[in-house]
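**Student:** Please work out how this folds:
(2 chains)
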Amino acid sequence: MTSTTQATPATNTCLALENVSISYGSFEAVRNVHMDIPAGKVTAFIGPSGCGKSTVLRALNRMNDLIEGCSLKGRVVFDAQNIYAKEVDPVEVRRRIGMVFQKPNPFPKSIYENIAFGARINGYKGDMDELVERSLRKAFIWDETKDKLKESGNALSGGQQQRLCIARAIAVEPEVILMDEPCSALDPISTLKIEELMHELKKTFSIVIVTHNMQQAVRVSDQTAFFNAEAVEGGSGKVGYLVEFNETERIFNAPVQQATQDYVTGRFG
Amino acid sequence: MTTTFPASSKSLHFNPSLKRNRLDQFLTGLAGVFSTIAVLPLILVLLYVLIQGGRLISIGLFTQLPPAPGLDGGGIGNALIGTVVVTLIASMIAIPVGVGGGVYLAEYSSGGWFAQFIRVGNDILAGVPSIIAGIFVYGAIVATRVFFGQSYTAAAGGLALAVLMLPTVIKTTDEGLKLVPRELTWGAIGVGASKFVTVTRITLPSAFTPIATGVVLAIARAAGETAPLIFTALFSPFWPEGLFNPIATMSVLIFNFAIMPFEPQNELAWAASFVLVVMILAANLFARWLRRFASK
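**Tutor:** Numbering: from 1, shown residues only, chains lettered A, B, ... in the order given. Got it, this is the predicted structure:
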């Protein structure tokens, strides 16, 4: 495995969603999303609960395959391939588009094994000790864990566990990291650490983050997508859609849509 | 405001003559009596077996063959080995098949009619009387002489016990895997693990304790079964002669010897009962210990 450093210009598109609609069974969760997620930047998804932002995020590395009855229409283009094409192996997709979840979920193994697991199953041939150290350093958690690599990942605090999960995700050297509300289970100090970490990580990876916290979106992201949900005729419940996608500064200071303006100024509802 | 309560209610002391307190005491006593009656059989059976069997424990009991009718002494060495052999055969069949079936139900099936059918069928199989498992193996294997023309064999006995163990192993594997948090599976899938790697490296190890507990309990149950062995493994007064010959087991030895009109055989039946009870007790304690080990 060669070290994959993303030296792509900022204007490059890393993931392109083309008319994506996602349904759970007969219930349509998100409709007609068009979006070009830039490479080497942090893109935030914001919006009220139930607007489908997590659903869209999970569609980007085919995690939705694990949910019974979830289907996607449209195309998600990554590296010039539609990741929903028939011949695509979702395991290969997830290997290049990693994920960090809402709840820290370290494996019930040692800290060392948590990092080594992904590399090992992906056929890493290099120096495992070196990879573990490098990954933990990148996730700003090396100093806290270097003396207890043999201890269980569950013995760490919540914030440390989440950084361990980020270290685990970057150990397989993906090109994109998806984060689904990575700080919602953490205290403000741990949240701050993870946000600092994101600034560092975007030098190497493209990051897409779902967050409920608008200040967090302002602090960490370059681009922001605002999702909303609206009731549709004949539909059961609300259907999510992409309202506006632009530079974070524009979204929060001079949004084009009234709904975005209402949401970011807290006048929503 | 006029009070309609009796004047005595001013006192905060417990009043045993009150109707509600008398009823309370009576019902507490009644519940105590019934629960004593409920555990009485357990205590009596254990005590009786311990007293009757415990006094006969000696080294010879474990190393000698049972005596011919009319002779004294001897032991249950062959039956002890037989029980271990037959249970081992059953475990070697039931554990891989049962764990595999449980993994299929919990991880691979999509909850369709086939999986539902297996789940319901498995629950029914768990309630089937053990003698039915015996007669099934008798009809399928013993009567047809499938194993090298042999009729009663240790292997047939092991198969009959495997049929009994299977539902427990499938059920505990299925339930144990369902307890593994989804986030753990997602985590593995998220770093690019295939389904197979996720199940074998993350999900199954996380569910090891409940599965192991279920397996130990299933083995303990199988080791004490008599009905399915009577007409599959049969019995033998000699040392075991391989897997494809009749074999002695402790439960069948108890069944045979307890009703014989000879005192030494009756005593051996008690001794075997004692050993069997201790073995099953030990297995159950081991299962409890495993469970506690897990909750730490």
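
**Student:** Return the backbone torsion pair for A:Cys70.
**Tutor:** The phi/psi pair for A:Cys70 (degrees, to the nearest 10) reads phi -90, psi 130.

**Student:** Report pLDDT for it.
**Tutor:** According to the prediction, A:Cys70 has pLDDT 88.

**Student:** who's it bridged to?
**Tutor:** The residues listed as beta-bridge partners of A:Cys70 by DSSP bridges are A:Tyr24.

**Student:** isn't it right up against A:Ser26?
**Tutor:** No - with the criterion set as CB atoms under 8 Å, A:Cys70 and A:Ser26 do not qualify as a contacting pair; they are 11.7 Å apart. For every residue, glycine as well, the C-beta is placed using N, CA and C.

**Student:** Compare neighbour counts for these two and give me the winner.
**Tutor:** A:Cys70 (17 against 8; other CB atoms under 10 Å in any protein chain shown).

**Student:** Okay, the more buried one and chain B: tell me how far apart.
**Tutor:** When distance is defined by CB to the nearest CB, to the nearest Å, A:Cys70 is 12 Å away from chain B.

**Student:** can you give me the helices for chain A?
**Tutor:** Assigned by DSSP state H, the helices in chain A fall at A:53-59, A:90-96, A:111-121, A:128-138, A:142-145, A:158-171, A:188-201, A:214-220, A:248-253, A:258-264.

**Student:** Mind listing what's buried along the last one?
**Tutor:** Going back to what we said before, that points to helix A:258-264. Within helix A:258-264, the residues that qualify as buried by neighbour count (16 or more other CB atoms under 10 Å in any protein chain shown) are A:Thr260, A:Gln261, A:Tyr263, A:Val264.

**Student:** contacting residues for the residue of the stretch 1-150 of chain B found nearest chain A?
**Tutor:** Proximity to chain A, evaluated over the stretch 1-150 of chain B using CB to the nearest CB, is greatest for B:Ser110 at 6.4 Å. By CB atoms under 8 Å, 6 or more residues apart in numbering or on different chains, the residues touching B:Ser110 are A:Glu68.

**Student:** Is it part of a helix or strand, or is it coil?
**Tutor:** Under the three-state scheme (DSSP: H, G, I helix; E, B strand; the rest coil), B:Ser110 adopts coil.

**Student:** Could you do B:Phe14 as well?
**Tutor:** Reduced to three states with three-state DSSP, the structure at B:Phe14 is coil.

**Student:** any weak-confidence spans in the chain?
**Tutor:** Picking chain A for this. Low-confidence segments of chain A, defined by pLDDT under 70, span residues A:1-11, A:233-236, A:268-269.

**Student:** you looked at the wrong chain, it should be chain B
**Tutor:** Across chain B, the ranges flagged by pLDDT under 70 are B:1-3, B:5-9, B:294-296.

**Student:** Enumerate the residues of it near chain A.
**Tutor:** Within chain B, the positions adjacent to chain A are B:110-111, B:181, B:183-194, B:197, B:201-202, B:205-206 by CB under 8 Å from any CB of the partner chain.

**Student:** swap the cut-off to 10 Å and go again
**Tutor:** Counting by CB under 10 Å from any CB of the partner chain, the residues of chain B close to chain A are B:110-111, B:180-198, B:201-202, B:205-206, B:208.

**Student:** Next, count neighbours for residue 31.
**Tutor:** Went with chain A since none was named. A:Arg31: 21 neighbours (other CB under 10 Å).

**Student:** that's the wrong chain, I meant chain B
**Tutor:** Here the count is done by other CB under 10 Å, and B:Ala31 has 10 residues near it.

**Student:** Which helix or which strand is home to it?
**Tutor:** Mapping B:Ala31 onto the secondary structure by DSSP states H and E places it in helix B:19-54.

**Student:** Now for the residue lying closest to A:Pro182 once chain neighbours are set aside: which residues touch it?
**Tutor:** Excluding the flanking residues, the one nearest A:Pro182 by CB to CB, 6 or more residues apart in numbering or on different chains is A:Val100, at 5.1 Å. If a contact means CB atoms under 10 Å, 6 or more residues apart in numbering or on different chains, then A:Val100 has A:162-163, A:165-170, A:177-182, A:194, A:207, A:209, B:187, B:190 as its contacts.

**Student:** filter these to the buried ones?
**Tutor:** Using 16+ other CB under 10 Å as the burial test, the contacts of A:Val100 include A:162-163, A:165-170, A:177-182, A:194, A:207, A:209, B:187, B:190 as buried.
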